[in-house]
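[1] Following is a predicted model, sequence given first.
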Amino acid sequence: MLTSTIVALLLFSATSGATVSSPGCGKPLPGCVETGHSSDHAIDSKSGASPRNYRIHVPKSYQNTVPVPLMFSFHGRGDNMKFQEDLSQFTNTSYGFEGISVFPEGVPDVNGTLQWQGDPDSHGIDDILFTSELLDELLNNYCIDSSRVYANGKSNGGGFTGLLACDKTATKRIAAFAPVSGAFYLDKETQELPPCTPTSTRDVIPILEFHGFKDKTITYNGGPNKRHDGNSTNIPKWVDGWANRNGFNVAANETTHLCSGPRLVTRYSWGDSVIHYNYTNLYHDWPSTFPNGDTNLTTCEDAEATRVILDWFGKWSL
Ligand SMILES: *[C@@H]1O[C@H](CO)[C@@H](O)[C@H](O)[C@H]1NC(C)=O
Ligand SMILES: *[C@@H]1O[C@H](CO)[C@@H](O)[C@H](O)[C@H]1NC(C)=O
Ligand SMILES: *[C@@H]1O[C@H](CO)[C@@H](O)[C@H](O)[C@H]1NC(C)=O
Ligand SMILES: *[C@@H]1O[C@H](CO)[C@@H](O)[C@H](O)[C@H]1NC(C)=O
Ligand SMILES: *[C@@H]1O[C@H](CO)[C@@H](O)[C@H](O)[C@H]1NC(C)=O
Ligand SMILES: *[C@@H]1O[C@H](CO)[C@@H](O)[C@H](O)[C@H]1NC(C)=O
């Protein structure tokens, strides 16, 4: 009796980490994919454009019988999947991410500018569907822990990450969301954010937002966008919306200060599930400790987006 209880407890604790093996476990890596390298691929899509591109990086440590986390990272408008890999540094081994990184690519507008659903100039492309199609493809071909799928992105890709966090189906498949300098546009008619209807089957939808106070492209306080005919939201208001949705009193946040001097960062948190970083010295940038494709200005390690995102994603699973 005692023995069987102990065995049951051991079994439970082994599975209650909720690792969920994907159908790709046990399969050999697809041709042209080599561990420790990144490569470009495409899938057929019903998103309104086809085929759709993505770049994938499988870590050196990958074994096809051991499920690993999957990270989507969406580029900004006018950038591309390779730029996002370099900017985000998720495939830089010095950050220690042992999961699969995937950099999907948006659809070009008439001038060849790549963009995502949510941008005022993006018409009729269903990138939420594309993300779901791509997730199916990846789960079927790689050994992924499907309870640990994450999404982040920069600018338009950050705004799109916000749309995923508001989607009923995506929030059943993606564990946590981290927009960087997110472009959260207001509806032209209502001047409100689009409806946000995440699944009601989860207690909270984990959200981590980073924004430069000097951002001149997607301004911190919201309003007209200099490039587009479109207004973006006030960032603290957007974050407060998530605090509300996750059941917190907006005023009951914990406020801390990171870095110091001109690089001061104000961090707001509601439990672990809604966190916002406000960077005094940054513009429309991916916060990094060394110069990157966005900026030569730097932040300190405590507020480095890549490091903070990886630590925080590690806390969440479906
Ligand atoms: C990898 O990250 C380290 C800092 O952690 C940085 O010094 C190095 O330049 C990065 N490598 C590349 C190729 O960007
Ligand atoms: C495409 O480029 C032309 C010329 O620069 C510009 O007038 C037009 O607004 C651009 N269209 C879009 C959708 O950005
Ligand atoms: C942006 O907001 C301003 C002021 O509220 C409004 O006058 C303008 O029509 C809005 N522009 C768009 C494209 O929604
Ligand atoms: C955090 O709480 C204080 C009141 O305690 C409030 O003034 C502030 O607006 C809150 N911060 C955010 C970003 O909502
Ligand atoms: C964001 O940081 C700037 C610069 O330090 C500061 O003036 C502003 O009050 C901060 N806003 C919030 C909501 O923390
Ligand atoms: C960083 O500085 C170098 C050298 O001054 C310059 O060429 C580069 O454009 C700068 N990069 C960014 C993103 O500002």
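    Sure thing, it's come through. Ligands and ions are numbered 1, 2, ... in the order given.
[2] only C-alpha atoms for contact and neighbour calcs from this point on.
    Noted.
[3] Return the helix or strand in the chain with minimum mean pLDDT.
    Across the helices and strands of the chain, mean pLDDT, DSSP states H and E gives its lowest value to helix 2-15, namely a mean of 39.
[4] tell me the helices in the stretch 201-318 of the chain, going along the chain?
    Using DSSP state H, counting those that start in this stretch, the helices of the stretch 201-318 of the chain run over 235-245, 305-313.
[5] my bad, the stretch 51-200 of the chain
    81-88, 127-141, 156-165, 170-173.
[6] and the residue in the stretch 151-300 of the chain that ligand 3 sits nearest to, how many neighbours does it have?
    Relative to ligand 3, the nearest point of the stretch 151-300 of the chain is residue 230 (3.8 Å; C-alpha to the nearest ligand atom). Around residue 230 there are 17 other residues, counting by other C-alpha atoms under 10 Å.
[7] which residue packs closest to it, ignoring adjacent ones?
    residue 224 (5.9 Å; C-alpha to C-alpha, 6 or more residues apart in numbering).
[8] I figured the one you found hits residue 234, correct?
    No. Taking C-alpha atoms under 8 Å as the definition, residue 224 is not a contact partner of residue 234, at 10.7 Å.
[9] pLDDT wise, what is residue 204 at?
    For residue 204, the pLDDT comes out at 98.
[10] Could you save the helices of the stretch 201-318 of the chain as TSV and add columns showing distance to residue 275?
    Formatted as TSV, the helices of the stretch 201-318 of the chain follow (distance: least, C-alpha to C-alpha, whole Å):
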stretch	distance to residue 275
helix 235-245	8
helix 305-313	10
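[11] so who does residue 262 touch?
    280-281 (C-alpha atoms under 8 Å, 6 or more residues apart in numbering).
[12] Identify the residues contacting the residue nearest to residue 230.
    By C-alpha under 8 Å, 6+ apart, the contact set of residue 224 is 230-232.
[13] Can you tell me the closest non-neighbouring residue to the closest residue to ligand 6 within the chain?
    Using C-alpha to the nearest ligand atom, the closest approach of the chain to ligand 6 is made by residue 295 at 3.8 Å. Using C-alpha to C-alpha, 6+ apart and skipping the chain neighbours, the partner closest in space to residue 295 is residue 285 (6.4 Å).
[14] now residue 292
    Per C-alpha to C-alpha, 6+ apart, closest to residue 292 is residue 87, 6.1 Å.
[15] if I read this right, the one you found contacts residue 293, doesn't it?
    Yes. Between residue 87 and residue 293 there is a contact under C-alpha under 8 Å: 5.9 Å.
[16] Looking at the two, which is more packed in?
    residue 87 (20 against 12).
[17] show me where this protein has strands.
    38-43, 52-57, 68-74, 100-104, 107-108, 114-115, 144-154, 176-180, 207-212, 223-224, 231-232, 254-258, 265-270, 274-279 (DSSP state E).
[18] what's the average pLDDT for stretch 233-247?
    98.
[19] which residues sit in contact with residue 259?
    265, 299-300, 302-303.
[20] No further questions, thank you.
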